[in-house]
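J.: task: produce atomic coordinates for the following.
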Amino acid sequence: MRISRTTAALVVGGLAITCLAACGSNPGSKSNGGSAAGVLNIGMPDGQMTDNNNPFLNTSASAALGYRYMIYEPVAMVNDAKPADAAKPWLATKWTWTNNYKTLTLTVRDGVKFSDGSPMTADDVAYSFQILKDHTALNFNALDIADASASGSTVTVDFNTSQFVTQAKVLKTFVVPKAIWSKMSDPGTDPVTSPVGTGPYTLKSFTPQTVTLSARNSGYWQTAPKVGELRYTSYTGNDAETTALVSGAAEWGYVFIPNAKTVYAGKDPAHYKLYFPPTLSADGLWINTTLKPFDNPALRRAMAMVINREDIFNQGESGYFKPLISNITGLPTPAGDSFIATQYQGQNATVDVAGAKKVLTQAGFSYAGNTLKDPTGKPVTITLTDPAGWSDYQTDLSIIADNFSQIGIQATIDKADENAWTKNIGSGNFQAAMHWSNGGATPYDMYENIMDGASLKAIGTDSPGGNYGRFNDPAATQALKDYANAPDEATRTAALTTLEQIMVDQVPMIPTSAGNVGAEYSTKNWVGWPDDANPYAGAQPTIPEALDVVLHLTPATN
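T.: Numbers count the residues shown, from 1 in each chain. All right, here's what the predicted structure looks like:
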């Protein structure tokens with residue numbers, strides 16, 4: 001899944017510190033009796049919400065705050081913190097892939113009831129896939145579904161193409177009641193003000209600031225949660241949510257906090273925790289490979305050789321938020337360990353100024369004093385751009401600009417307007433920018449987003465599929481296609497090795513940091529959270545396994 005930069009990196013210090021209603025007290029604390037009622041307070045910095053609980057719409061309040069996953073459940077539970085692990089059976093007890101991952105056969109769990117008391121059947125599961133085919137506005141994972149059918153307790157879903165690289169997304173499909181959704185005039189626009197799902201919670205109340213869910217009184221198919229009430233508060237911004245987390249008014253959240261180890265965790269080391277496991281995705285410096293001299297892979301390799309990734313992690317990302325990527329393939333570890341080709345295992349990027357200069361001079365670049373000149377004799381300059389309010393990226397750019405000066409590249413930082421920046425990145429009107437990649441259960445999503453020629457658009461044309469740097473190597477495009485459609489593991493391994501070699505040799509972008517599925521949380525009132533010792537799930541409150549986290553929580557005894 002991709003995390004919105006609007007959520008992840010708004011500058012904390014630049015917003016007025018204003019709390020919403022939940023900042024005044026902590027209903028979940030023992031001091032005011034909230035724990036007896038079983039309240040867990042969750043915060044996100046998204047401002048006022050509109051009453052929309054349609055789980056398929058990423059623009060809905062249920063998606064922004066994450067509570068859609070408490071009401072609606074998936075076919076299987078995928079652990080984004082350990083993407084190579086097998087998914088856990090959930091609404092399906094087992095499943096098999098056949099026909100080179102073009103056919104999925106599911107066995108539907110017996111005894112599951114929707115929150116309105118009606119039984120969940122295989123027809124509901126098949127319908128939940130069919131509705132994605134019939135209404136593209138709901139198909140936010142762009143699954144290439146051909147047909148879905150039910151027979152007894154078995155559901156068969158056929159796809160037009162191999163789904164090897166999208167298995168996790170398929171299994172994350174949540175189930176809705178056919179009896180309700182089939183009667184909607186337009187499921188793609190219906191706000192679903194009274195959501196009904198198989199999950200352990202129902203919607204109790206909604207305001208633009210606070211959404212409250214209550215545990216079902218009875219009928220949930222597995223052990224009922226110990227948390228009786230989930231209270232989601234949408235704060236005005238990162239600073240307001242940070243204040244709420246520090247005070248204990250919010251016990252669980254996802255927000256970038258500069259100097260978080262002091263500002264947050266240090267305020268109550270026994271209870272305030274930071275858990276930010278990496279995903280198979282990469283943040284880093286995207287370079288417009290159509291512009292000279294940056295179309296020269298030797299220059300891009302040299303640039304990669306001088307970027308201090310540890311400084312970016314410790315200063316720009318406060319030593320926690322975006323985990324450090326060190327392997328030269330750009331694959332995060334440990335999430336990507338099993339995918340790194342033998343020749344690249346243990347091969348980590350280190351700062352090598354002398355080596356970078358050697359690469360440049362061997363490629364026809366030269367120096368006039370401390371100024372790098374391209375093979376035509378023109379000084380090499382670059383503009384690095386990101387929105388002014390994204391404090392972590394702005395710090396990253398400052399570090400990178402200083403790093404580039406060591407090899408004679410003069411860098412200018414453009415603190416852009418966010419809307420203009422988004423348009424320029426999509427249309428290729430930039431030289432270099434910190435940006436993120438897609439992520440998934442395999443490296444495919446990351447590499448496809450960075451260098452797939454199938455997504456290639458002309459400069460000036462928006463590129464919604466990625467490849468913002470307009471990297472164009474037919475070998476990369478073919479390897480991605482081979483990986484996605486491979487009939488066996490040997491073919492996939494060969495294709496992935498080719499992709500890793502292209503990342504190392506041609507550097508279509510410079511990975512520095514991994515995406516994360518982390519969170520800030522407090523163990524003062526609730527224990528059982530995932531952590532480094534027990535990474536059973538990602539901790540972010542807006543991802544599917546947030547439900548698994550809540551089901552693991554029990555009241556603290558301290």
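J.: can you pull the contacts of the nearest residue to H135 once chain neighbours are set aside?
T.: Distances taken as Cβ to Cβ, 6 or more residues apart in numbering put G188 closest to H135, at 4.9 Å, once the chain neighbours are dropped. All C-beta spots, glycine's among them, are computed from the backbone N, C-alpha and C. When contacts are counted by Cβ atoms under 8 Å, 6 or more residues apart in numbering, G188 touches F56, L57, H135, T136, A137, L138.
J.: and the two most separated of the residues you listed?
T.: Distance extremes for the contacts of G188: the farthest pair is L57 and T136 at 12.2 Å, using Cβ to Cβ.
J.: which of those two has more neighbours?
T.: Counting neighbours by other Cβ atoms under 10 Å for L57 and for T136 shows that L57 has the greater number, 21 against 10.
J.: if we can go back for a sec, reformat the contacts of G188 as CSV; add distance to N100 and pLDDT.
T.: Supplementary listing: the contacts of G188 in CSV, determined by distance: Cβ to Cβ, whole Å; pLDDT from 0 to 100:
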residue, distance to N100, pLDDT
F56, 28, 93
L57, 32, 91
H135, 27, 94
T136, 25, 90
A137, 29, 89
L138, 26, 93
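J.: ok, so of those residues, who is nearest A433?
T.: The nearest one, if we look at the contacts of G188 relative to A433 and count by Cβ to Cβ, is L57, at 28.3 Å.
J.: looking at it, that closest one is touching A63, isn't it?
T.: Yes: between L57 and A63 there is a contact at 6.4 Å, judged by Cβ atoms under 8 Å.
J.: and for I399, the neighbour number?
T.: Residues contacting I399 under the criterion other Cβ under 10 Å number 19.
J.: now do the helices in the stretch 51-200 of the chain.
T.: 61-65, 68-71, 122-134, 167-171, 178-181 (DSSP state H, counting those that start in this stretch).
J.: oh, that last question was meant for the stretch 301-450 of the chain, not what I typed.
T.: Taking DSSP H, counting those that start in this stretch as the test, the helices found in the stretch 301-450 of the chain are 309-311, 353-362, 391-405, 418-427, 444-451.
J.: among those helices, which comes closest to T523?
T.: Closest approach to T523 among those is made by helix 391-405 (25.9 Å; Cβ to Cβ).
J.: in a helix, D295, correct?
T.: No: counting by DSSP: H, G, I helix; E, B strand; the rest coil, D295 is not part of a helix but coil.
J.: tell me the contacts of it?
T.: D295 neighbours (Cβ under 8 Å, 6+ apart): T289.
J.: how about the strands in the stretch 401-550 of the chain?
T.: 410-416, 432-436, 509-516, 519-522, 526-527 (DSSP state E, counting those that start in this stretch).
J.: export those strands as JSON lines, with columns for distance to R470, mean pLDDT and mean neighbour count.
T.: Formatted as JSON lines, the strands of the stretch 401-550 of the chain follow (distance: least, Cβ to Cβ, whole Å; pLDDT from 0 to 100; neighbours: other Cβ atoms under 10 Å):
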{"stretch": "strand 410-416", "distance to R470": "19", "mean pLDDT": "96", "mean neighbour count": "16"}
{"stretch": "strand 432-436", "distance to R470": "13", "mean pLDDT": "97", "mean neighbour count": "24"}
{"stretch": "strand 509-516", "distance to R470": "11", "mean pLDDT": "96", "mean neighbour count": "27"}
{"stretch": "strand 519-522", "distance to R470": "35", "mean pLDDT": "98", "mean neighbour count": "26"}
{"stretch": "strand 526-527", "distance to R470": "47", "mean pLDDT": "97", "mean neighbour count": "20"}
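J.: for those strands, which one sits closest to D548?
T.: strand 519-522 (13.1 Å).
J.: need the CA coordinates for the lengthiest helix in the chain. CSV is fine.
T.: The longest helix of the chain (DSSP state H) is helix 489-506. Coordinates of each C-alpha in helix 489-506 appear next as CSV, following Å, rounded to 0.1, in the frame of the first residue of the first chain:
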residue,chain,number,x,y,z
GLU,A,489,10.3,-19.7,-9.9
ALA,A,490,13.4,-20.0,-12.0
THR,A,491,12.0,-17.6,-14.6
ARG,A,492,11.0,-15.2,-11.9
THR,A,493,14.5,-15.3,-10.3
ALA,A,494,16.2,-14.6,-13.6
ALA,A,495,13.9,-11.7,-14.3
LEU,A,496,14.4,-10.2,-10.8
THR,A,497,18.2,-10.5,-11.1
THR,A,498,18.0,-8.6,-14.4
LEU,A,499,15.9,-5.8,-12.7
GLU,A,500,18.4,-5.6,-9.7
GLN,A,501,21.3,-5.4,-12.1
ILE,A,502,19.6,-2.5,-14.0
MET,A,503,19.0,-0.7,-10.7
VAL,A,504,22.7,-1.1,-9.8
ASP,A,505,24.2,-0.2,-13.2
GLN,A,506,21.8,2.4,-14.5
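J.: buried residues, that helix. List them.
T.: By neighbour count with 16 or more other Cβ atoms under 10 Å, helix 489-506 contains the buried residues R492, A495, L496, T497, T498, L499, E500, Q501, I502, M503, V504, Q506.
J.: now do the strands in the stretch 251-400 of the chain.
T.: 252-253, 272-275, 278-287, 366-368, 371-373, 381-387.
J.: wait, which of these is closest to G428?
T.: With Cβ to Cβ as the measure, strand 278-287 is the member of the strands of the stretch 251-400 of the chain nearest G428 (10.2 Å).
J.: got the contact list for A416?
T.: Applying Cβ under 8 Å, 6+ apart, the residues near A416 are T385, D386, P387, A388, N424.
J.: from the residues you listed, which would you call buried?
T.: With neighbours counted by 16+ other Cβ under 10 Å, the contacts of A416 contain buried members at T385, D386, P387, A388, N424.
J.: contacts only, for the third one.
T.: Shown here is P387, whose contacts under the criterion Cβ under 8 Å, 6+ apart are R5, Y393, K415, A416, D417, E418, W421.
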